[in-house]
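Enquirer: kindly generate the corresponding structure for this input.
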Amino acid sequence: MKRQWIRGACWLGCERSGLPVIYLGPVQWDGQHAPFHACADCLERLMRQANTFFMHRQPTAV
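Expert: Presented below is the predicted three-dimensional model:
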């Protein structure tokens, strides 16, 4: 999958603007939606957090 970077604002945490960001999906709240973008630094942090979760989670006992 090719990632398409645009110049915009990061919504993921650093709140910087005017830098390359990538679309992650819509933010939905109270019947409204807005485009959710992240910069490379915040996206990398999110991916590290997700990988840590995936590697350390325990299967749920049935």
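Enquirer: I'd like the mean pLDDT over the longest strand seen in the chain, please.
Expert: Assignment by DSSP state E gives strand 17-29 as the longest strand of the chain. When pLDDT is averaged over strand 17-29, the result is 95.
Enquirer: could you list the buried residues of it?
Expert: 21-22 (16 or more other C-beta atoms under 10 Å). C-betas here are computed from N, CA, C, even on glycine.
Enquirer: now do the same contact list for Pro26.
Expert: For Pro26, the contact set (C-beta atoms under 8 Å, 6 or more residues apart in numbering) comprises 33-36.
Enquirer: same question for Ser17.
Expert: Contacts of Ser17 by C-beta under 8 Å, 6+ apart are 8-10.
Enquirer: what strand or helix carries Leu46?
Expert: Assignment of secondary structure by DSSP states H and E places Leu46 within helix 40-56.
Enquirer: tally of neighbours for the residue nearest to Glu15 when sequence neighbours are not counted?
Expert: Excluding its sequence neighbours, the residue lying closest to Glu15 (C-beta to C-beta, 6 or more residues apart in numbering) is Ala9, at 7.2 Å. Ala9: 15 surrounding residues under other C-beta atoms under 10 Å.
Enquirer: just the pLDDT at Ala9, thanks.
Expert: Here the pLDDT value assigned to Ala9 is 97.
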